[in-house]
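Q: Provided below for reference: sequence and predicted model.
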Amino acid sequence: MSYQTILLNIADDIATLRLNRPEKMNALSTQMRAEITHAVNLSAKEARVLAITGEGRAFCSGQDLGDGANVANIDLERVLRDEYLPMLKSIIDCKIPTVAAVNGTAAGAGANLALAADVVIAAESASFIQAFSRIGLIPDAGGTYWLPRQMGFAKAMGAALFADKISAKQASDWGMIWEAVPDAEFEAHWKERVAYLASGPTLAYAKIKEALRSTYDNDLDAQLSVEARLQGQAGQTRDFKEGVLAFSEKRAPGFEGR
């Protein structure tokens, strides 16, 4: 597939997906959503980690309000169901670790696209804005799911109602993202983090993701059963055997992702 709105590079087990509409602050169009979905699914087959970042000064400014017909006549329910849901699910259900490297403004659906990733690393100059109420809408693209869980109910409600800009530092302090990094170090830092994941125990990472995501729906006994089942599977992998051997030999493990 030839991409028009994104750039995808896969090398050294690392897939890097760059939103590439800098003149539109990487606003999400119908075409971009389809291309992101395709690229994520491809990356899951051909890489061991996926990084998503933006070209230019923004990560993603959200829905492209100039995309298609009169925006006031758009069937938003259909767009969310048919276009956003497949894109978000491709990221959430991705079997390899996903990292959102937020290089600038992440607004509206762009903020929640970032939150769909397993880990969010942001430049200190970046910001997150739940801008929906400014145009009479509610947070979508998973915002009403992620925000209360990651920020707490009070912060999530304030972010949704006031639509205030949240700095990367605030987002990190509130538990909304993993970390905020000084701009001068940002690019090198997230690439180092991604390379670390690419060399790690890929199957264990997939089971970590499954276990942590299932905890929202389980009580303690059910979650302990999930842990036992997934740990039993992890214990049968070559990576586990290599990890134990490397520990006993006092060396770095050479994980193969199997």
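A: Received it, and whenever you're ready, just let me know what you need.

Q: where are the low-confidence patches of the stretch 151-258 of the chain?
A: Of all residues in the stretch 151-258 of the chain, none has pLDDT under 70.

Q: one more time with 80, if that's ok
A: 257-258 (pLDDT under 80).

Q: which parts of it are strands?
A: For the stretch 151-258 of the chain, the strands defined by DSSP state E, counting those that start in this stretch cover 165-167, 179-181.

Q: and these, which is most packed in?
A: strand 179-181 (a mean of 20; mean count of other Cβ atoms under 10 Å). All C-beta spots, glycine's among them, are computed from the backbone N, C-alpha and C.

Q: what does it rub up against?
A: Outside of strand 179-181, the residues within contact range by Cβ atoms under 8 Å, 6 or more residues apart in numbering are 121, 122, 123, 124, 126, 167, 168, 169, 171, 172, 189, 190.

Q: where do the helices sit along this protein?
A: Using DSSP state H, the helices of the chain run over 30-46, 76-79, 85-92, 109-115, 143-151, 153-162, 168-173, 183-198, 202-214, 220-234, 238-248.

Q: pipe the ones you listed into a markdown table and attach distance to residue 8 and mean neighbour count per row.
A: Formatted as a markdown table, the helices of the chain follow (distance: least, Cβ to Cβ, whole Å; neighbours: other Cβ atoms under 10 Å):
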| stretch | distance to residue 8 | mean neighbour count |
| --- | --- | --- |
| helix 30-46 | 5 | 19 |
| helix 76-79 | 23 | 12 |
| helix 85-92 | 13 | 19 |
| helix 109-115 | 16 | 28 |
| helix 143-151 | 25 | 18 |
| helix 153-162 | 31 | 15 |
| helix 168-173 | 25 | 20 |
| helix 183-198 | 14 | 16 |
| helix 202-214 | 19 | 17 |
| helix 220-234 | 30 | 13 |
| helix 238-248 | 27 | 14 |
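
Q: got TSV for these, with distance to residue 4 too?
A: Below are the helices of the chain laid out as TSV (distance: least, Cβ to Cβ, whole Å):
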stretch	distance to residue 4
helix 30-46	6
helix 76-79	19
helix 85-92	16
helix 109-115	18
helix 143-151	27
helix 153-162	33
helix 168-173	29
helix 183-198	24
helix 202-214	30
helix 220-234	39
helix 238-248	38
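
Q: hang on, the earlier thing: out of the contacts of strand 179-181, who's nearest residue 149?
A: For these, the residue nearest residue 149 by Cβ to Cβ is residue 171; the value is 14.0 Å.

Q: does the closest one touch residue 177 like I think?
A: Yes - between residue 171 and residue 177 there is a contact under Cβ atoms under 8 Å: 4.6 Å.

Q: format the strands of the stretch 151-258 of the chain as CSV; extra columns: distance to residue 29.
A: Shown next, in CSV, are the strands of the stretch 151-258 of the chain (distance: least, Cβ to Cβ, whole Å):
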stretch, distance to residue 29
strand 165-167, 24
strand 179-181, 28
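
Q: which one of those strands lies closest to residue 16?
A: Nearest to residue 16, of the strands of the stretch 151-258 of the chain and by Cβ to Cβ, is strand 179-181 at 17.0 Å.

Q: hmm, back to that, common neighbours of residue 171 and residue 177, please.
A: 120, 122, 128.

Q: the last one: neighbour count?
A: Residue crowding around residue 128 was assessed by other Cβ atoms under 10 Å; the count is 30.

Q: ok, now which ones touch it?
A: Counted by Cβ under 8 Å, 6+ apart, residue 128 has contacts 102, 106, 107, 111, 114, 122, 165, 166, 168, 171, 176, 177.

Q: try it again at 7 Å.
A: Applying Cβ atoms under 7 Å, 6 or more residues apart in numbering, we find residue 128 in contact with 106, 111, 166, 171, 176.
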